[in-house]
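Trainee: need coordinates for the following:
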Amino acid sequence: MNSSRKIKKFILENLNGHRKDIIYTTIQKFGISRQAILKHMHTLINEKQIVAYGRTRDRYYELRPQVNFHKSVELKDDYDPKHTIDNYIINHISSLKPNIIEIIRFSMDALLNNILDHSKATKFYFKIYLTYNDLHIILNDNGVGLFENIKTLLNVDNAHIAAIELAKGPLTTDPDNHSGDELFTLMHLFDYTKIESSEKSLKYLNQKNFWKIDDSIHKQGTRIHLKINPYSKRSCQSIFEKLFFSKKMSIKVPINLIKTNENQIVNTRAQAKSLLRNIEKLNLIEFDFNNIDIIGPAFADELIRNTKKKNESANIKWINSNKMIDVLMSRAYSRFS
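Mentor: Residues are numbered from 1 along each chain as shown. Sure thing, here's the model as predicted:
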């Protein structure tokens, strides 16, 4: 790759995080003059890959969308998801790599059929937004809401607990007709997933394996935002192998999801119990303490005690824990080993 292509590639890959200082950032990276960088910026503008706003000191740049399409769809009795997928979604991203098209086709088929089967929605809206770095898919229906469906199925207290159950692994609101694998799988196909329903949002950052629950202004229906780098090497096959080829039935429980705010201490037995639904048939249970600095001894004790009570033969592990958490978890585990 020649130096000009390298510079333009760097600008495109880093522009999202440096809209106002991309010129300075590129100078620091390549050690060339401001005038030379501005020449590359003008080339990218003329190629319709970036857009400039403002003048002189106030100037900033953004990636120009290559695709910006949205559509509302009425859900009539004869509605066929394949028509929407082929004619309005794949048609707009046909230039992308085959593995990305496969991921979008699988995901949209799963989501649209989920709306038809479970949401009781009468319409939905979707948007496709593609830039050099990111492909965004946004889907919004006017149904009863995903977290509300889970809350009703599992008879849990609130949407927060319903979101935790979804994060733990495959879950279905119609066990007689569906495995529940699809939604859990697509969250691992994308770089970023955000699900909003019943005034709660569940966010998953794939590369960091980080989950977070926040409040949301979204009340009715379900809004799902998916994002993936269009040059990603991820594929349906690689993710399926990672998630399903093991003979062991296992889950990873993100402990940080129990927190309703950043300052809340993970300390109570009730918090531990709320994480331990649907673990009876599992071979391996992993408690993930990513983004957790401190827990209380009652929480650790209840986490181990209740797990053993519900599933005595399960292999229990904990990951991403600091020394203090290790001590408390090991102390609790030793009482039942």
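
Trainee: beta-bridge partners for the closest residue to Tyr88 other than its chain neighbours, please?
Mentor: Of all residues not flanking Tyr88 in the chain, Lys71 sits nearest, at 5.7 Å (CB to CB, 6 or more residues apart in numbering). C-beta: built from backbone N, CA, C; applies to glycine. Lys71 has these beta-bridge partners by DSSP bridges: Phe126.

Trainee: so who does Lys71 touch?
Mentor: With contact set as CB atoms under 8 Å, 6 or more residues apart in numbering, Lys71 has these partners: Thr84, Tyr88, Tyr125, Phe126.

Trainee: how about the lengthiest helix in the chain: buried residues?
Mentor: Criterion DSSP state H: the longest helix present in the chain is helix 98-114. Using 16 or more other CB atoms under 10 Å as the test for burial, helix 98-114 gives Asn99, Ile100, Ile103, Ile104, Arg105, Phe106, Ser107, Met108, Ala110, Leu111, Leu112, Asn114.

Trainee: that older thread, most neighbours of all the contacts of Lys71, which one?
Mentor: Top of these by neighbour number is Phe126, holding 21 neighbours under the definition other CB atoms under 10 Å.

Trainee: that one contacts Ile89, correct?
Mentor: Yes - counting by CB atoms under 8 Å, Ile89 is a contact partner of Phe126 at 7.5 Å.

Trainee: name the residues contacting each of the two.
Mentor: Here Phe126 and Ile89 share the contacting residues Ile137, scored by CB under 8 Å, 6+ apart.

Trainee: pLDDT below threshold where in the chain?
Mentor: Residue ranges of the chain with pLDDT under 70: 1-2, 170-180, 246-248.

Trainee: can you list the domain ranges for it.
Mentor: Using automatic domain parsing, the domain ranges for the chain come out as 3-63, 67-239, 246-334.

Trainee: can you show me the strands along the stretch 201-337 of the chain?
Mentor: For the stretch 201-337 of the chain, applying DSSP state E, counting those that start in this stretch gives strands covering 210-215, 222-228, 250-254, 284-288, 315-319.

Trainee: can you count the residues close to Gly143?
Mentor: The tally of other residues near Gly143 (other CB under 10 Å) stands at 22.

Trainee: where's it, which helix or strand?
Mentor: Applying DSSP states H and E as the criterion places Gly143 outside every helix and strand.

Trainee: and for Ser107, nearest residue in space, chain neighbours not counted?
Mentor: Leu186 (4.4 Å).

Trainee: now do the SS call for the residue nearest the centre of the chain.
Mentor: By CA atoms, centre = their mean, the chain has its centre lying nearest to Thr193, at 2.3 Å. Of the three states, Thr193 takes strand under DSSP: H, G, I helix; E, B strand; the rest coil.

Trainee: rewinding a little: turn the contacts of Lys71 into a markdown table, including distance to Asn155.
Mentor: Shown next, in a markdown table, are these (distance: CB to CB, whole Å):
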| residue | distance to Asn155 |
| --- | --- |
| Thr84 | 34 |
| Tyr88 | 38 |
| Tyr125 | 31 |
| Phe126 | 32 |
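
Trainee: right, and Ile239 touches His188 too?
Mentor: Yes - counting by CB under 8 Å, His188 is a contact partner of Ile239 at 5.2 Å.

Trainee: the two - which one has more neighbours?
Mentor: The residue with more neighbours, out of Ile239 and His188, is Ile239; 19 against 16, by other CB under 10 Å.

Trainee: please name the nearest non-neighbouring residue to Lys252.
Mentor: For Lys252, ignoring the flanking residues on the chain, the nearest one in space by CB to CB, 6+ apart is Glu286 at 4.5 Å.

Trainee: sorry, back to before: which residues does the residue nearest to the centre of the chain form a beta bridge with?
Mentor: Beta-bridge partners, per DSSP bridges, of Thr193: Tyr204, Leu226.

Trainee: residues in contact with it?
Mentor: If a contact means CB under 8 Å, 6+ apart, then Thr193 has Leu186, Met187, Leu202, Lys203, Tyr204, Asn206, Ile224, His225, Leu226, Lys227 as its contacts.

Trainee: want to throw the residues you listed into a markdown table with neighbour count?
Mentor: Shown next, in a markdown table, are the contacts of Thr193 (neighbours: other CB atoms under 10 Å):
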| residue | neighbour count |
| --- | --- |
| Leu186 | 22 |
| Met187 | 23 |
| Leu202 | 26 |
| Lys203 | 18 |
| Tyr204 | 20 |
| Asn206 | 18 |
| Ile224 | 24 |
| His225 | 18 |
| Leu226 | 23 |
| Lys227 | 18 |
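
Trainee: kindly indicate which of those residues lies nearest Thr43.
Mentor: Nearest to Thr43 among the contacts of Thr193 is Lys227, at 27.1 Å by CB to CB.

Trainee: ok, the closest one to Ser4 distance?
Mentor: Per CB to CB, to the nearest Å, Lys227 is found 29 Å from Ser4.

Trainee: cheers, nothing more for now.
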